[in-house]
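Chemist: Whatever this is, show me its structure:
(2 chains)
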Amino acid sequence: MVELHGKVAFVTGAAGRKGIGRAIAVRLAERGASVAVNDLRPSESRRQGLEDVLSEIEGLGARSLAVYGDIADGAQVERMFAQVVNHLGQLDIMVNNAAAPSGPDRVPLVDLQEEHFDRVQRVNVRGTYLCCRAAARQMLAQGEGGRIINISSVIGKHGVALYAAYAASKFAIRGLTQSLAHELGPDNITVNAICPGLTESERVDDLAHQLHPSNIATGVFRKEIFERAIRESSLKRVGKTSDIADAAAFLASDYASYITGQSLVVDGGHIMD
Amino acid sequence: MYNLKGKVALVTGAAGAAGLGRAIALRLAKEGADLVVNDLHEDEGGRSGLAQLVRDIESQGGPALAVYADVSKADQVERMVEEALERFGRIDILVNNAGAPAGADRVPVVELEEAAFDLVLAVNLKGTFLCCRAVARHMLQRGGDGTIINISSTSGKHGVARFAAYCASKFAVRGFTQSLARELAPHQITVYAICPGLIASERIDDMATVLAPPGVAAADHREHMIAAAIQNSAMGRMTEQHDIANVAAFLASDQSDFMTGASLTVDGGIHME
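Modeler: I've put the predicted structure just below:
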C-alpha cells in the first residue's frame, strides 16, 4: 500500500455518511495520514456524519480533527486552517471535496435564477479557491512540498443539459487546478483534479429527488439514472466512493510525485480522455 | 507499495540501460511481480541489454525471464507469449513499451520517406496491437482479469513538428487503448495509456542527433532540448524513468480499475488535460 505516515491531510465536505469526502478521509487515514475533516456545521439534517467519520479515523489509530465552517467564507477558512495546523502540526495533503448540494440550479439555463447560479459557484469555485490559497500558503511556509487534490467531475470535462451552473463550476475547478499547478510546481507542490463519474453517494439520492419528472417516482428515477450510467460505463457498474478514494490516495502518494495539473477521470471507462 | 505479489508482468522494449522499459520492469518486480522482459535482440547498439536486467531483477529477489522478439512480427510475438506462459503459467500485466528508435522519420512530412514512416508505425502501433492481441487472448482464455498498459507520449496528445510519424503512432496507441478498454472491461481486464514527457534516456541522444539544426552539434542540441523541457514543466525538471514506473505500478494494481481507458499524462505539468 502507498504510505502516508507522518503526513497531515485535510478533507472538506466529509460529513456525508456515504460520501466521497468520507471515503477519501478514511482511505488517507488507512494509509497512515492524520486527517482533519470539515463540513458546514455539526448535525445538519441527515448529515450527522462528521463525528462518525472522526471516530472511524481514530479507530484506525490515526489522529483526527473535525473543523466546522463555510469554505466560501474567507474568515472561516483562515480559522479552520489555523485549527488544523495548531492541532495536527502541519498540512501536506489538501482535498477540496466540498460542493454545493444539488438544488434548484438543476434546471434549463433559460429558467436558471441568479441566486441559484451564484450559490453553486460560491461553494464549488470560491470555496475551492479559498481553501487552495490557504493550503498553498501553509505548504509554501513549510517548504516541503505538498499535494492539492480538487474534486471536479466528468461534467467538468463535458457539459450536460440542466447542469449549466454545476458544469461551469466543475470546469472552473479544472482551470484553477492547472493555473495553480504551474504556480506551485517549483515548490514541489502538485495540484490535480479528479473527475468522478456517477458515484453511489447521498448526492445521487438528492439528484433523483431533484430531477425526477412529475410522472416518475423518485426511486424509479434513481434506478433509471443508475441503469443509464451502468450502460454507458465499460465496467458496467457505477462508481463506488472507494474508487475515488483509491485515486486520491495515489495522487497523495510519492507514486504520483511527477503528476501535476492533470484531471483524472474515474468513471469506469465512459468518457476516456 | 502496490502489492503485485503473485502477478506476472511482461514488459517489452526493456533493454535500454537508461530506458523506460527497464525502470518499469524493476519497479513492478519491486512491487512483487514476476517479470518477463523483452527486446529485439541482445546488446543492441551498446545497450546494457536484457541479460543485465534479468540479473538486476533477480538480485532484487524476484524471478525474471528474457525473451527476444520483434514485437512487429506476429509469429515472434506469439512465441514470446508462449515462452512466458511456459515459464510462469500466466500473464497478468502487459506493458507495451517497445518503440521504434528515433531516426530518419524525424523530418518534415514533405521529406518523410515511406519506409521511415512504416517502421515507426510497425513497431509503435502494430507491435502494440500484436502484443495486446496475443496477451488478451491468453487473459480471456484463463477467464479474464488483468491489466494492459500502453506507453504513448505527450506527443500522443499534441502534435509536434518533425514528429508526424511518431505522433501519428502515439495518437493511434491512445485510440487503440480506448477501443480495447471497452472490449475487455466485461472481462475485468483494464487497459490504459501513459503519456510521458521527454525523458533523459538513450532516446534523447538519438533525437538530438536527428533534430540538431545544421551547424549545431548533437550534444549542444541535446542540452537545448533538455533546457526547454525543464523550462516548460511546472515542476522544473525533466521526466525521469521512475516517474513513469511509479504510475505503471499504480495502474497495474487493482486500485486504478475504475479509470480504465484513461491516458495519463506524466510530464511534470507541461501539458495539462
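Chemist: pretty sure A:Thr190 is touching A:Ser257, no?
Modeler: Yes - under the criterion of C-beta atoms under 8 Å, A:Thr190 makes contact with A:Ser257 at 6.9 Å. For glycine as for every other residue, the C-beta is placed from the backbone atoms N, C-alpha and C.
Chemist: what about those two, which has more around it?
Modeler: The residue with more neighbours, out of A:Thr190 and A:Ser257, is A:Thr190; 26 against 20, by other C-beta atoms under 10 Å in any protein chain shown.
Chemist: List the residues that contact the more buried one.
Modeler: Each residue near A:Thr190 by C-beta atoms under 8 Å, 6 or more residues apart in numbering or on different chains is listed here: A:145-148, A:181, A:184, A:251, A:256-257, A:259-260, B:235, B:269.
Chemist: Check B:Tyr192 too.
Modeler: B:Tyr192 touches B:147-150, B:177, B:181, B:251, B:256, B:259-264, counting by C-beta under 8 Å, 6+ apart.
Chemist: Any of the residues you listed buried? List them.
Modeler: For the contacts of B:Tyr192, a burial check counting by 16 or more other C-beta atoms under 10 Å in any protein chain shown picks out B:147-150, B:177, B:181, B:251, B:256, B:259-264.
Chemist: Export the residues you listed as JSON lines, with columns for distance to chain A and pLDDT.
Modeler: Listed next are the buried ones among the contacts of B:Tyr192 as JSON lines, based on distance: C-beta to the nearest C-beta, whole Å; pLDDT from 0 to 100:
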{"residue": "B:Thr147", "distance to chain A": "13", "pLDDT": "98"}
{"residue": "B:Ile148", "distance to chain A": "13", "pLDDT": "98"}
{"residue": "B:Ile149", "distance to chain A": "14", "pLDDT": "98"}
{"residue": "B:Asn150", "distance to chain A": "13", "pLDDT": "98"}
{"residue": "B:Thr177", "distance to chain A": "8", "pLDDT": "97"}
{"residue": "B:Ala181", "distance to chain A": "5", "pLDDT": "96"}
{"residue": "B:Leu251", "distance to chain A": "9", "pLDDT": "98"}
{"residue": "B:Ser256", "distance to chain A": "7", "pLDDT": "97"}
{"residue": "B:Met259", "distance to chain A": "5", "pLDDT": "98"}
{"residue": "B:Thr260", "distance to chain A": "4", "pLDDT": "97"}
{"residue": "B:Gly261", "distance to chain A": "4", "pLDDT": "97"}
{"residue": "B:Ala262", "distance to chain A": "6", "pLDDT": "97"}
{"residue": "B:Ser263", "distance to chain A": "7", "pLDDT": "97"}
{"residue": "B:Leu264", "distance to chain A": "7", "pLDDT": "97"}
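Chemist: Out of those residues, list just those in helices.
Modeler: B:Thr177, B:Ala181, B:Leu251 (DSSP state H).
Chemist: Let me have those in TSV, adding distance to B:Leu4 as columns.
Modeler: Converted to TSV, those look like this (distance: C-beta to C-beta, whole Å):
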residue	distance to B:Leu4
B:Thr177	21
B:Ala181	20
B:Leu251	11
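Chemist: for those, which one is nearest B:Ala168?
Modeler: B:Thr177 (14.9 Å; C-beta to C-beta).
Chemist: Report the contact partners of that closest one.
Modeler: Contacts of B:Thr177 (C-beta under 8 Å, 6+ apart): B:Ile148, B:Asn150, B:Ser152, B:Val191, B:Tyr192, B:Ala193, B:Gly261, B:Ser263.
Chemist: Bridge partners for the residue nearest to it when sequence neighbours are not counted, pull those for me.
Modeler: Leaving aside its sequence neighbours, B:Thr177 sits nearest to B:Ala193 (C-beta to C-beta, 6 or more residues apart in numbering or on different chains; 4.4 Å). When assigned by DSSP bridges, B:Ala193 has beta-bridge partners B:Asn150, B:Ser263.
Chemist: tally of neighbours for B:Ala193?
Modeler: 29.
Chemist: Which part of the stretch 101-250 of chain A gets nearest to chain B, residue-wise?
Modeler: Among all residues of the stretch 101-250 of chain A, A:Gly185 sits closest to chain B, at 3.0 Å; criterion: C-beta to the nearest C-beta.
Chemist: how about the lengthiest helix in chain A: buried residues?
Modeler: Identified as the longest helix of chain A according to DSSP H is helix A:164-184. Burial within helix A:164-184, assessed by neighbour count using 16+ other C-beta under 10 Å, is assigned to A:164-174, A:176-178, A:180-182, A:184.
Chemist: How far off centre is that helix?
Modeler: Chain-centre distance of helix A:164-184: 13 Å, with C-alpha atoms, centre = their mean, to the nearest Å.
Chemist: which other helices and strands contact that helix?
Modeler: If you count contacts as 3 or more C-beta pairs under 8 Å, 6 or more residues apart in numbering or on different chains; DSSP states H and E, helix A:164-184 packs onto helix A:114-121, helix A:128-142, strand A:146-151, strand A:189-196.
Chemist: could you give the angle of that helix to helix A:128-142?
Modeler: 20 degrees (axes from the mean of the first three to the mean of the last three C-alpha atoms, to 10 degrees).
Chemist: OK, contacts around the closest residue to A:Gly239 other than its chain neighbours?
Modeler: Using C-beta to C-beta, 6+ apart and skipping residues adjacent in sequence, the residue nearest A:Gly239 is A:Thr199, 3.8 Å away. If you count contacts by C-beta under 8 Å, 6+ apart, A:Thr199 has them with A:Ile20, A:Val238, A:Gly239, A:Lys240, A:Thr241, A:Asp243, A:Ile244.
Chemist: Now the two most distant members of those.
Modeler: A:Ile20 and A:Val238 (12.6 Å).
Chemist: The two: who's more crowded?
Modeler: A:Ile20 (30 against 23).
Chemist: so what's residue 93 up against?
Modeler: No chain in the question, so chain A it is. So A:Ile93 contacts A:Leu4, A:Lys7, A:Val8, A:Ala9, A:Phe10, A:Leu28, A:Ala33, A:Gly146, A:Arg147, A:Ile148, A:Ile149, A:Ala252 (C-beta under 8 Å, 6+ apart).
Chemist: looking at chain B here, not the other one
Modeler: By C-beta under 8 Å, 6+ apart, the contact set of B:Ile93 is B:Leu4, B:Lys7, B:Val8, B:Ala9, B:Leu10, B:Leu28, B:Ala33, B:Gly146, B:Thr147, B:Ile148, B:Ile149, B:Ala252.
Chemist: same thing but at 6 Å, please
Modeler: Contacts for B:Ile93 were tallied using C-beta atoms under 6 Å, 6 or more residues apart in numbering or on different chains; they are B:Lys7, B:Ala9, B:Thr147, B:Ala252.
Chemist: how near is the nearest residue to A:Gly156 once chain neighbours are set aside to A:Arg27?
Modeler: Setting aside the residues directly before and after it, A:Gly156 is nearest to A:Lys170 in space (C-beta to C-beta, 6+ apart), at 3.1 Å. Distance of A:Lys170 to A:Arg27, computed by C-beta to C-beta, to the nearest Å: 22 Å.
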